[in-house]
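Trainee: Got a predicted structure plus its sequence, pasted below:
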Amino acid sequence: MMTVNIICTGKLKEDYLRDACAEYIKRLGAFCKLNVIELKPAPLPDSPEPSQIEAALENEAERILAKAGKSGYIISLCIEGKQFSSEELSAEMEKLALNGDGTVSFIIGSSYGLSEKIKAQSKLKLSMSRMTFPHQLARVMLLEQIYRAFMISGKGKYHK
C-alpha cells in the first residue's frame, strides 16, 4: 500500500476546512497510508522584507525536507508547476506505484510559497490552477484530488 504524505506549513484555522479534510482523510484510508504533517511557519513580522521572507522559506525548507526524508517521490505545489487533469494525476499516481515509489510526499508551503531548495529536490512541481485560491483551501483541494485519483484508478463511481 502506497504511503502518501501531505507536508504543509501552518494549521487549518476554520472548522469547515478541518471537517472537509477529515472526510477525505477517512476516505483515503481504503487506498493508502496517509500522513498529514503540519509544520509551524517560520515567524515573520507583519510587513517582512524580501530577505526576511527568504530566510523564513529556507528555515521551513530544512524542516520540510527532514519530514520528507531521503527516499520517496517529492511533489511540490507551486504556481510554476505543471497542471494536470484529474485523469492525468491518477495516471501519475499509478505510474509511481508501478515504479516502486512507495512513498509520495506532497509539499504545501506557506503563504509565501516554497524555497527554491524544496523545488530543486522535487521530482515534480504541480500547480493546482492558474487561479488564486485561499492558501488554506489548497489542502482540501489536494486531498480531494488524491482521493479522486485513487477512485479513477479503481474505476469507482466518484469521478464523473
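Mentor: Noted; the coordinates are in hand.
Trainee: quick one: residue 4 is in a strand?
Mentor: Yes - under DSSP: H, G, I helix; E, B strand; the rest coil, residue 4 falls within a strand.
Trainee: check contacts around the spatially closest residue to it that is not a sequence neighbour.
Mentor: Nearest residue to residue 4, sequence neighbours excluded (Cβ to Cβ, 6 or more residues apart in numbering): residue 32, at 4.7 Å. For every residue, glycine as well, the C-beta is placed using N, CA and C. Taking Cβ atoms under 8 Å, 6 or more residues apart in numbering, we find residue 32 in contact with 1-4, 146, 150.
Trainee: Next, count neighbours for residue 51.
Mentor: Other residues within reach of residue 51, judged by other Cβ atoms under 10 Å, total 8.
Trainee: Let's verify it: helix, strand, or coil?
Mentor: Using three-state DSSP, the structure places residue 51 in helix.
Trainee: Against residue 22, how distant is it?
Mentor: Taking Cβ to Cβ, to the nearest Å as the measure, residue 51 falls 38 Å from residue 22.
Trainee: Thanks again, I'm all set now.
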